[in-house]
Every structure is written in C-alpha cells, then in structure tokens.
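J.: Return a 3D structure for these sequence lines:
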Amino acid sequence: VFRYGMTAKTSTKEKSPMTNNEDMVQDQTISYFYTQEVNDVVDGVITYKVKFDSIGVVTSVSTKDSSLKAFYNSNVKDSMYSKPDFIQYNSIISENFFIRVTGKGEITDVYGLEKVYEKMFKAFGDTLKEADKSQIKESFGNDAIKSVLQQQFQIFPDNEVVKDSAWTRSYETQLLVFPGRNSLSYKITDIKTENGETILTIDADLATEILKDELKDKTVTYKVENSSFNGKGTIHFNLTKGCVVKKETTTKIDLTLKMSGGGQSMSSTQNVTTNMNVNILK
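T.: As a prediction, the model looks like this:
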C-alpha cells in the first residue's frame, strides 16, 4: 500500500484586450491525497486499487484594482462544496477505482469509475440527457485521471540505463490552443543506499516545440509571434520498492500572440508557470 500527496500549482499572467491591456494573474493550487494498493501483477503489469482521500483547491484572480479568492476542501461541506466546478471531486472522494501500470511506469488503463459517474449524475439532479452524461464522462474520464496520476510514475526506457547515461521520451501535447511536442530528457545522476533500499536521483529536462504556429477559426486568425518553453525536474526513485518517493518539476511557457480578423489586429501575452510536487507519505 502506498499513500501519496501531490500538489499542482499553476500561475497564469495575461495581458490582452480581454484584460483591458492590464496584467491579470490567475493562480490555482490543487492538492491531492490518495492511497494505492497493489491489487494484482500479471506479466509485469501492475493493477492498483486507487482511492482519493481528500482534494483541496485554492484559486485567485487579481488585477491592479481587485482580487478574488476561493477555497474548496473535499472534507468540508460548505457553499463551495456544491458548486458545479467541484462536483467531480466530491464524487470521486473515497470511491475505489483501478489503474493498470506497465513495468516501465506507464499508465495504460483507468477503469471502475461507474460509482463515481452515478454520484456525479445524481449531483446534477438526474436531469441529464445521454449526450450530457457522455460529455461528463469525457471531461472527467480515463484521460483526465490518467494525466494526474501519471505524474506520480517515472517512465523508463526499453534499454538498460547506467549512471550518468540519458534517455529521452517525446509526445504530442497542447500549448494553449496550439499543437506541440514535448521532448523529455532523463539522466540518472546519483545512486545511493538508504536503510537497505536503493534510491536513484534522476534529473529531467523538457524541450518543447510548436508544431503549428497559426490557427484560424471562422472570424479570427491566431499566430504565435514569440514563444519560449522550458522545464526542469528532479525525481527520487526507490528502485527496491519500484516507486517514486519524491518528484519536483517546474515548467514555464511564454507566448505572444497576434489575433487578426475583420481588418483589425491585436496582441496578447501569456506567461504560464506550473510547479508539480509529488511525495510518498510515511
């Protein structure tokens, strides 16, 4: 049985005509506490039974003249608890579901969410049409949960890795509205023994490229004029137990966009910083 705490902090600063060309800063911190129990191991694929024990959210929006803060805690049934934004969190708390993880650390499947969806539908008053139910399942389905929990697992390569050697992994992603590709480089920088267990230190570097820097909808063309992406992280991995014990990553995105349409054009700048911390709990 493993118990984890995970905290994701995202800070977004935007300056555009939508913000009256003044800086608007949005901060969000989400904290997850959850339990994983090894349910089965078949041909190197591990099935974990997972349960979220608590979830907390802090959000704030601030401009030069005003600021607004909101707090959500899954353990406290107050006015925030019933807001639609948090129904998915309320519904998943204390409900068991399952994930399958390969021996290399990649989550391949999330299943057993039926009770979670029943609670979500009930929270909306059982007035939902089938199309609405499908949309809810899609917005808070396998991919959404997988993207959160995958942060806890370290993906290893097919070949053997020795100290000071590196391996890479790349995958396509979404950078705001633009398609992009993340390329991650990993390197084992330290190997030590603590209490009879082998602990690896892995350094990670992120490089990102935009695959298409211009997009059009019916009336507006969006074009990237300037961009900057970088990310770094450190992972401590218990090789004896086969689990991450600590992970800290930071990514930064800086974009300047030009929006044009109807003979007019305007610019927008966005700066997004994300910090992710994962810790195994004693």
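J.: Could you pull out the strands in the stretch 101-250 of the chain for me?
T.: Secondary structure of the stretch 101-250 of the chain (DSSP state E, counting those that start in this stretch): strands at 107-111, 166-175, 178-194, 197-210, 214-216, 221-238, 243-261.
J.: Mean neighbour count, mean pLDDT and distance to S16 for those strands - can I get that in a markdown table?
T.: The C-beta positions use only the backbone N, C-alpha and C, and glycine is treated the same way. Output for the strands of the stretch 101-250 of the chain, formatted as a markdown table (neighbours: other CB atoms under 10 Å; pLDDT from 0 to 100; distance: least, CB to CB, whole Å):
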| stretch | mean neighbour count | mean pLDDT | distance to S16 |
| --- | --- | --- | --- |
| strand 107-111 | 14 | 95 | 36 |
| strand 166-175 | 12 | 90 | 17 |
| strand 178-194 | 14 | 94 | 16 |
| strand 197-210 | 16 | 94 | 19 |
| strand 214-216 | 12 | 90 | 16 |
| strand 221-238 | 16 | 94 | 12 |
| strand 243-261 | 17 | 94 | 8 |
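J.: how about low-confidence regions in the stretch 51-200 of the chain?
T.: Along the stretch 51-200 of the chain, segments meeting pLDDT under 70 span 126.
J.: my read is Y89 is in a helix, agree?
T.: Yes: assessed by DSSP: H, G, I helix; E, B strand; the rest coil, Y89 belongs to a helix.
J.: could the strands of the stretch 101-250 of the chain be laid out in JSON lines, adding distance to S134?
T.: Shown next, in JSON lines, are the strands of the stretch 101-250 of the chain (distance: least, CB to CB, whole Å):
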{"stretch": "strand 107-111", "distance to S134": "17"}
{"stretch": "strand 166-175", "distance to S134": "21"}
{"stretch": "strand 178-194", "distance to S134": "25"}
{"stretch": "strand 197-210", "distance to S134": "31"}
{"stretch": "strand 214-216", "distance to S134": "26"}
{"stretch": "strand 221-238", "distance to S134": "29"}
{"stretch": "strand 243-261", "distance to S134": "31"}
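J.: And for the closest residue to W167 other than its chain neighbours, the neighbour number?
T.: In space, and not counting its chain neighbours, W167 is closest to P157: 4.1 Å by CB to CB, 6 or more residues apart in numbering. Residues near P157, counting by other CB atoms under 10 Å, number 13.
J.: OK, contacts around P157?
T.: Shown in contact with P157 (CB atoms under 8 Å, 6 or more residues apart in numbering): 104, 167, 169.
J.: Could you do E95 as well?
T.: Going by CB under 8 Å, 6+ apart, the list of residues near E95 reads 51-52, 113, 115-116, 119.
J.: SS state for it?
T.: Counting by three-state DSSP, the backbone at E95 sits in coil.
J.: Closest one of the contacts of P157 to L215?
T.: Among these, R169 lies closest to L215 (CB to CB), at 26.4 Å.
J.: my guess is the closest one meets I155, correct?
T.: Yes: proximity of R169 to I155 meets the contact threshold set by CB atoms under 8 Å, at 6.1 Å.
J.: From G261, how far out is the residue nearest to the spatial centre of the chain?
T.: With distances taken as CA atoms, centre = their mean, the residue of the chain nearest its centroid is V148 (4.5 Å). Note on V148: its distance to G261, by CB to CB, to the nearest Å, is 36 Å.
J.: cool, E118 as well?
T.: 44 Å.
J.: quick one, what contacts K119?
T.: 90-91, 95.
J.: what's the answer for V116, then?
T.: 88, 91-92, 95, 97, 140.
J.: most neighbours, which of those?
T.: Ranked by the number of neighbours (other CB under 10 Å), the contacts of V116 place I92 first, at 23 neighbours.
J.: quick one, phi/psi of it?
T.: Backbone torsions for I92, taken as degrees, to the nearest 10, come to phi -90, psi -20.
J.: For it, give its distance to P179.
T.: From I92 to P179 the distance is 30 Å (CB to CB).
J.: how about the nearest residue to N226, chain neighbours excluded?
T.: Residue nearest to N226 in three dimensions, not counting chain neighbours: T256, with 4.1 Å by CB to CB, 6+ apart.
J.: sorry, back to before: could you export the contacts of E95 as CSV, including distance to D78?
T.: Formatted as CSV, the contacts of E95 follow (distance: CB to CB, whole Å):
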residue, distance to D78
K51, 23
F52, 19
L113, 26
K115, 24
V116, 22
K119, 18
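J.: In helices, which of those appear?
T.: 115-116, 119 (DSSP state H).
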